[in-house]
Structures are given as C-alpha cells and as structure tokens.
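Novice: here are the coordinates; sequence isn't available:
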Ligand code: PLP
Ligand code: TYF
C-alpha cells in the first residue's frame, strides 16, 4: 500500500534551517526558525528549568502514567499563568498536549466534533502549520485580512469586515500575542471590538498563545486572551511552553476549553480527555512537570520571570537598534514599525527576490515571506542586516 503515498509539502521554515546548516560560509546569520538565541547564539536551558530538573531527579519516584489530561497541578498552574483570575477555574477544562502544536491540533479536533461543518477563519498570513494541519484534517479554511503591507501594522478594518462573516459553528483563530509571522498585534481597544463582533455573530474564538512574556510582559501579553475568556460564552485556548520556558524539545503545551457555564465544564473536560486518548493517550509529562515546579515555587518562579524578562528586553533592544540604524542609513522613518512590532518575528516587507538577494550577498537567512527572527540577531549582526536591507533596496 505504501506505493500509493504521495510526497507531502515540506515545511518551508524547517527547510530553511537545513539550508542554513549546509551553507559553508563563515559569515552567515540565521533569522529563520523561531528559537530564542542569546547574544552568543546559544539557546540556553533557563536557570529555573535546570534547577527544577535537578530537584526532580532527586524527588521523582515513579514514571507511571499520569492522567489523560496530564497532571492536574500542571493544568492549574497553566490556567493561572494564562488566564490569571479572568474566569473562575471551575469554568475551564484543560488538558496537557505535546507542545502548542498538539494543543492546536486537539482544539481543531474538538471544534469539528462540536460543529462538523466548522470553518476556521485565520489571519492572512498566519503560522503555516495552522494551515497545514487544517488542510490535513480537511477543515475548511477562510482567510481574514490582517496585515497591511503599507503600514506594516494590522489592517483592522479589513480584519473586522472579514471575521464578521464567521457565524455560529465557525471558529475564529486569533494569535494571543506576538503574531507569527508578522509581529503586528491588536491593542486592547481592538481586542474589545473583536470581542463585541464575536458576541454579535456567535462565532467561537480560538486563541493560540505561544509567546507569552516575549512581547510586553507576562500579564500584558495575556490581556487579549483574558478579555476574550471573560467576555464570550465559550472559547478555546492553545498555549505553548516551548518558547517562554525554553523547553522546545520537551513538547509541552495545553489546550483549554473555557465556558461560562460550570455545568458544561465537565463535558468539555471529558471530551479533552477523550481526544487525548484517541490521539496519543497520556501526554508527555517531563516538561509539564518542570513548568509546574517552576510556577509553584516562588523562588524558581521569580528567577524564571526575571530571565524571561531579560530575553524580552534583549529582543526589544535589538528591535530598537535595528530601527534606529535603518533610520540613520536611509534617512527615512519607514522602518519604524520594527520597533513597534512585538515578539520574536517581524515581517520586513521584502519581496522573495530581495530575500534571496540578502541570502546571496550577506548569508542572511529569513523566511521567503520576509519574516525574520529578531532573536537571531546580536549587536554585531544588526549592522550586517541593515547593510543587506539597504543593498537589496527593500
Ligand atoms: N503556535 C504558533 C503561532 C507558533 O509560532 C508555535 C511555534 O512554535 C506554536 C504554536 C507551537 O509550538 P510548539 O508546538 O513547539 O509548542
Ligand atoms: O514559526 C516558527 O518558526 C516556530 C517553530 O513546523 C516551528 O513556530 C516552525 C515550523 C514548525 C514547527 C515549529
């Protein structure tokens, strides 16, 4: 039967990772895949995670199965981290998943169970894996306008017009913060307007939050999610711990189903457990346990939050340096958006040819849509990127 298989499209971001590795040039800059890198180019294990791992080695007595939704303490800690006190805990069903990707996948699965003809409205552009997973599942995708190529900010009028077409039984997929791939985000009053529209149409929001703490801070980045969860009758939230805990390969995420009726919470929880069982039974535990230990120990939590804040400020500093140097070299303010964007990524607004030219001339690797990972830069490579941008005529 294998002869019937067809080659599937590869992930462009992951292909770029490989192309970078194979480039023999010494002077090259990897601005592709979304992995945080410190100024020395390393992706360190965060101090609190390392400390929790040491403790865990001492105290862990079993590796027997946990529960289908993972350890309940992980659910509690993550619901608290993402939602704060926006909604009562009794309104939230939560299940650990393999990474944020697993949460996204389970969220789509739940939406389809609840609404077999569901259409998923997604920002144009969005994280390519959203589209790939939806396509694989055979779920109808409906793009909504999101990025204004001129201002490099959110095309809010276009967005509102397009998501206004989603109705009851549809899902509107939103990025909680640090939009991937553009870096352009909603402000609180825009979140409020989106919420009012969702209340009017009855469409269900699903929020993917993979970069909490990378934009404006842990609480500020969750503000949109919290506003949504406390305002609409029901929503889905897919959260990832890969970036903000630096535990990419541990595969740690969580899916939450929030409703304003505690009576429905039980059914939601049972459904999340069921979905985990159908797809992989018990979710991975190691990363989730480390996250729980860090969040529940005041000392570890404080150290983690401090290190995360350093990461955030490092990226912000690089954004400011980049915008300032481009301003100086071009004499124009048109790159000011780079300092306004938040998170790991910005869409530069270069053509695929210009992206290719920057790779040829300066060994700069960014995704073909001109998304680049700010954390792939350091003080010394910012000028290299600036020179490449100017030379390519972006
Ligand atoms: N959602 C978005 C928008 C992302 O950028 C990522 C990327 O890492 C994820 C979800 C999921 O990440 P992971 O599965 O590595 O936790
Ligand atoms: O967008 C990124 O670069 C990250 C990492 O299939 C990633 O979200 C990229 C592609 C992929 C899984 C994760």
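Specialist: It's in. Keep in mind that this is a model prediction, so the values were computed, not measured. Ligands and ions are numbered 1, 2, ... in the order given.
Novice: just checking, residue 383 is part of a helix?
Specialist: Yes. Assessed with DSSP: H, G, I helix; E, B strand; the rest coil, residue 383 lies in a helix.
Novice: just give me the neighbour total for it.
Specialist: Using other CB atoms under 10 Å, residue 383 has 14 neighbouring residues. Placement of C-beta: from N, CA and C, glycine included.
Novice: quick check: residues of this protein near ligand 1?
Specialist: Residues of the chain lying close to ligand 1 (CB under 6 Å from any ligand atom) are 34, 99-101, 104, 127, 175, 180, 208, 210, 240, 242, 248, 253.
Novice: let's see it at 8 Å
Specialist: Residues of the chain lying close to ligand 1 by CB under 8 Å from any ligand atom are 34, 98-104, 126-127, 129-130, 175, 179-180, 208-211, 238, 240-243, 248, 251-253.
Novice: among the residues you listed, which ones are in helices?
Specialist: Among the residues of the chain next to ligand 1, the ones falling in helices (DSSP state H) are 99-104, 129-130.
Novice: can stretch 10-20 be found next to ligand 2?
Specialist: Yes. Counting by CB under 8 Å from any ligand atom, ligand 2 is contacted by stretch 10-20 at 11, 13-14.
Novice: and which of those residues is nearest ligand 1?
Specialist: Among the residues of stretch 10-20 next to ligand 2, residue 13 lies closest to ligand 1 (CB to the nearest ligand atom), at 9.2 Å.
Novice: touching, the closest one and residue 30? I think so.
Specialist: No. Applying CB atoms under 8 Å as the test, residue 13 and residue 30 come out as separate, 11.4 Å apart.
Novice: for the stretch 251-394 of the chain, which segments count as helices?
Specialist: Under the criterion DSSP state H, counting those that start in this stretch, the stretch 251-394 of the chain contains helices at 262-279, 286-296, 298-330, 337-340, 352-362, 382-392.
Novice: could I get those as TSV with mean pLDDT and distance to residue 155?
Specialist: What follows is the helices of the stretch 251-394 of the chain, written out as TSV (pLDDT from 0 to 100; distance: least, CB to CB, whole Å):
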stretch	mean pLDDT	distance to residue 155
helix 262-279	96	34
helix 286-296	98	35
helix 298-330	97	21
helix 337-340	97	13
helix 352-362	96	21
helix 382-392	96	23
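Novice: which other residues reach stretch 255-266?
Specialist: When contacts are defined by CB atoms under 8 Å, 6 or more residues apart in numbering, stretch 255-266 is touched by residues 78-79, 82-83, 87-88, 90-95, 97, 102-103, 106-107, 110, 229, 232-239, 268-269, 271-272.
Novice: for ChimeraX, what selects the buried ones among these?
Specialist: Selection command for ChimeraX covering only the buried members of the contacts of stretch 255-266, criterion 16 or more other CB atoms under 10 Å:
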select :78,79,82,83,87,91,92,93,94,95,97,102,103,106,107,110,229,232,234,235,236,237,238,239,268,269,271,272
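Novice: which of the contacts of stretch 255-266 fall in strands?
Specialist: 92-95, 97, 234-239 (DSSP state E).
Novice: which one of these sits closest to residue 349?
Specialist: Proximity of those to residue 349 (CB to CB) peaks at residue 238, which lies at 28.2 Å.
Novice: report the contact partners of the closest one.
Specialist: Going by CB under 8 Å, 6+ apart, residue 238 touches 97, 100, 103-104, 106-107, 206-209, 253-256.
Novice: do the same with residue 381
Specialist: By CB under 8 Å, 6+ apart, residue 381 lies in contact with residue 29.
Novice: what pLDDT does it get?
Specialist: The score at residue 381 is 95. That number is its pLDDT.
Novice: what do you get for residue 10?
Specialist: So, for residue 10, pLDDT stands at 88.
Novice: helix/strand/coil for it?
Specialist: Under three-state DSSP, residue 10 falls in the coil class.
Novice: and the gap between it and ligand 1?
Specialist: To ligand 1, residue 10 is 17 Å away according to CB to the nearest ligand atom, to the nearest Å.
Novice: how many residues are close by the nearest residue to residue 346 once chain neighbours are set aside?
Specialist: Leaving aside its sequence neighbours, residue 346 sits nearest to residue 183 (CB to CB, 6 or more residues apart in numbering; 3.9 Å). Using other CB under 10 Å, residue 183 has 26 other residues around it.
Novice: wouldn't residue 183 be in contact with residue 348 here?
Specialist: No. Using CB under 8 Å, residue 183 is not in contact with residue 348; the gap is 9.6 Å.
Novice: can you map out the strands along the stretch 151-300 of the chain?
Specialist: Assigned by DSSP state E, counting those that start in this stretch, the strands in the stretch 151-300 of the chain fall at 171-175, 204-209, 234-240, 253-259.
Novice: got it, and the stretch 1-150 of the chain?
Specialist: Assigned by DSSP E, counting those that start in this stretch, the stretch 1-150 of the chain shows strands spanning 29-30, 92-97, 119-124, 140-145.
Novice: any idea which of those strands is most buried?
Specialist: Mean neighbour counts were taken over those using mean count of other CB atoms under 10 Å, and the top value, a mean of 28, falls to strand 92-97.
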